[in-house]
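Participant: for reference, the sequence and a predicted model appear below.
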Amino acid sequence: MAHTLPRKGSKRVVFLHPDLGIGGAEKLIVEAAYALKEKGHSVTVCTSHYDPKRCFEKTKEMDIYVAGDWLPRSLFGKLHILFALLRAVWLSICVVWSQKADVYITDQIAVYNGCLRLLCYTPIVFYCHFPDQLLSKRQSIIKKIYRIPFDLVEEITTGLADIVLVNSKFTGRIFRKTFRMLHHINLQILYPAVSLPPLEAVKKYKKEGSVISFLSINRYERKKNIALAIHAFAAFLKLLAEKKLSSEAKKNKDVKLIIAGGCDAKVRENIEYYEELNDLAYNHYNIPKYNLQFLRSFDDSEKENLIGSASCVLYTPEGEHFGIVPIEAMAHQTLVIALASGGPKESVVDNKTGFLCDKIPPDPNQWASRMMQVYSQPSRAAEMGHPFTRTDHVCNLRDILDSGRNGRRRVECVFSFSAFRDKFHEAVSTAGASDAVLLTKCSMLEYVVRTVISTYLIRTIM
């Protein structure tokens, strides 16, 4: 059984994460693992699912432990949360009995905290991306009733961590509003970080050319609202065609939208949403394939090339708790267009490192007008009053690079890997040594009962 041993300096750190794929949460886990390794800690990442063919390249050099992949993710497409918790419980049990640890780091599923606390007294650091209960749609009374015990379990087990980190001020506010009984917890804000690519590589990507490319890069999930990028691009093409005079120019071969994202064949929603987006683009809007391209499941080098060579990244999720994509874009000196909602309000500086669209629900026409600003300087176009030409593109690309440089400087100042590494190292070093309380079995039972009763009373009164 895992237990804490008194050690000086480095510690044995064990991560627990549900699915080590290629999403933003997985990117953070990988960066956190490398950050702690740089600080001299021994790191093992434990997960319920890991596919070497669909993962970040860095994970292939890490110590990975997999347990519980034999458990199903759902039953006939239902009960996803129940099976997610079962997989989490199984992984926790296997980890405690097979991996020695001085500190556990958990994220996404708070049940890890409860299982670990029942089985051992090792300190726990929980990284809260966003309250899971807010990510679930509750369109029926049955679904609302079904979710009540899971929501309660999430709140209780979140409070069992010694240290709770949140990825943004926005998430911190939502955490306080959602977990009303955890007001005593001292939240620490730890922004996700990205490694800055060498300037030489960035300059290689940013070669002036005749094509303005827009990039949407997200998992193929409906909550990512990728359809907005297609709606906006269709409106942009219509606006662009109205500005051009010749029939050849109206074909708009000088602009392109690339929609790239992780698409897991085992996840039904990924496949369905990918097909829906294809239908929207090619059948509903009849966008030519030379203007719009879909990509699925790419490696790290391909992702770097996509972000680095794009003129602009379209980040479409609404109310996203943070969003690593805008940071990655700014690190590559790529301008960002995003909703003025959630995490991007903290990462993107409007009119400096990109554009924030403030209309909620999102207005594709507003996005199209911002895309037109990327395509050409509005003031210059108004003065000249003639069709857009390649020289307009070159001048505009220089403006894009100016905004890109602002973005890179912002990443260096606020979202640097060194700051992220030091903050995470501090959390790991102080876990268990701070004023956080390691609960005994009796005190834990008392805590659970007290929290259940208090939560019931508060929600009844409120």
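Facilitator: Nice, thanks for sending it over. Numbering: from 1, shown residues only.

Participant: list phi and psi for residue 312.
Facilitator: Dihedral pair for residue 312: phi -160, psi 140, per degrees, to the nearest 10.

Participant: numbering from 21 from now on, please.
Facilitator: That works, and once the first residue is 21, the last one we named lands at residue 332.

Participant: contact partners for it?
Facilitator: 232-235, 354-357, 374, 391, 394, 420 (CB atoms under 8 Å, 6 or more residues apart in numbering). Where C-beta positions appear, they are placed from N, C-alpha and C, glycine not excepted.

Participant: among the residues you listed, who's most crowded?
Facilitator: For the contacts of residue 332, neighbours were counted using other CB atoms under 10 Å, and residue 354 has the most, 30 neighbours in all.

Participant: quick check: phi and psi at that one.
Facilitator: phi -110, psi 130.

Participant: that one against residue 328, yeah?
Facilitator: Yes. Counting by CB atoms under 8 Å, residue 354 touches residue 328, with 6.9 Å between them.

Participant: in the chain, which spans are strands?
Facilitator: Here the chain has its strands, by DSSP state E, at 32-39, 62-69, 84-86, 123-127, 144-148, 183-186, 208-209, 232-237, 275-281, 312-316, 332-335, 355-359, 374-377.

Participant: tell me which of those sits nearest to residue 293.
Facilitator: Nearest to residue 293, of all the strands of the chain, is strand 275-281, at 9.1 Å by CB to CB.

Participant: ok, and what's touching the closest one?
Facilitator: Residues contacting strand 275-281 (CB under 8 Å, 6+ apart): 231-240, 244, 246, 249-250, 253, 256-257, 260, 297, 307, 310-316, 318, 323, 326, 330, 334, 395.

Participant: what lines up beside it in the sheet?
Facilitator: strand 232-237 (parallel), strand 312-316 (parallel) (DSSP bridges).

Participant: for residue 102, which of these is the nearest?
Facilitator: Among these, the nearest to residue 102 by CB to CB is strand 312-316 (28.8 Å).

Participant: contacts for that closest one?
Facilitator: Here strand 312-316 makes contact (CB under 8 Å, 6+ apart) with 240, 250, 253, 276-283, 294, 297-298, 301-302, 326.

Participant: minimum pLDDT in the contacts of residue 332, which residue is that?
Facilitator: When the contacts of residue 332 are compared by pLDDT, residue 420 scores lowest at 46.

Participant: residues contacting the closest residue to residue 441 other than its chain neighbours?
Facilitator: Nearest residue to residue 441, sequence neighbours excluded (CB to CB, 6 or more residues apart in numbering): residue 55, at 3.7 Å. Residues in contact with residue 55, defined by CB under 8 Å, 6+ apart, are 213, 437, 440-441, 444-445.

Participant: looking at these, spot the one nearest residue 174.
Facilitator: Using CB to CB, residue 444 is the member of those that lies nearest residue 174, at 23.1 Å.

Participant: the closest one: neighbour count?
Facilitator: Neighbours of residue 444 under the rule other CB under 10 Å: 25.

Participant: test my guess that residue 370 contacts residue 360.
Facilitator: Yes. With contact defined as CB under 8 Å, residue 370 and residue 360 form a contacting pair (7.4 Å).

Participant: show me where the chain dips below the pLDDT cut-off.
Facilitator: Scanning the chain for pLDDT under 70 picks out 21-29, 226-230, 264-271, 397-424, 453-482.

Participant: one more time with 80, if that's ok
Facilitator: Within the chain, the stretches with pLDDT under 80 are 21-29, 157, 159, 220-230, 263-273, 286, 317, 396-425, 452-482.

Participant: pull out the buried positions in stretch 365-381.
Facilitator: Neighbour-count burial for stretch 365-381, counted by 16 or more other CB atoms under 10 Å, picks out 365-369, 373-377.

Participant: I misspoke; the intended subject was stretch 380-399.
Facilitator: Applying 16+ other CB under 10 Å to stretch 380-399 flags 382-384, 386-397 as buried.

Participant: which one among the buried residues of stretch 365-381 gets closest to residue 186?
Facilitator: Nearest to residue 186 among the buried residues of stretch 365-381, with distances taken as CB to CB, is residue 366, at 11.7 Å.

Participant: residue contacts, the closest residue in space to that closest one that isn't next to it in sequence?
Facilitator: Nearest residue to residue 366 in three dimensions, chain neighbours excluded: residue 188, at 5.4 Å (CB to CB, 6+ apart). Residue 188 makes contact with 209, 211, 341-342, 362-363, 366, according to CB under 8 Å, 6+ apart.

Participant: next: residue 146.
Facilitator: Residue 146 neighbours (CB under 8 Å, 6+ apart): 125-127, 130, 132-133, 178, 181, 183-185.

Participant: what sits closest to it if chain neighbours are left out?
Facilitator: Computed as CB to CB, 6+ apart, the closest residue to residue 146 that is not its neighbour in sequence is residue 181, at 3.6 Å.

Participant: next: residue 57.
Facilitator: Nearest residue to residue 57 in three dimensions, chain neighbours excluded: residue 63, at 5.3 Å (CB to CB, 6+ apart).
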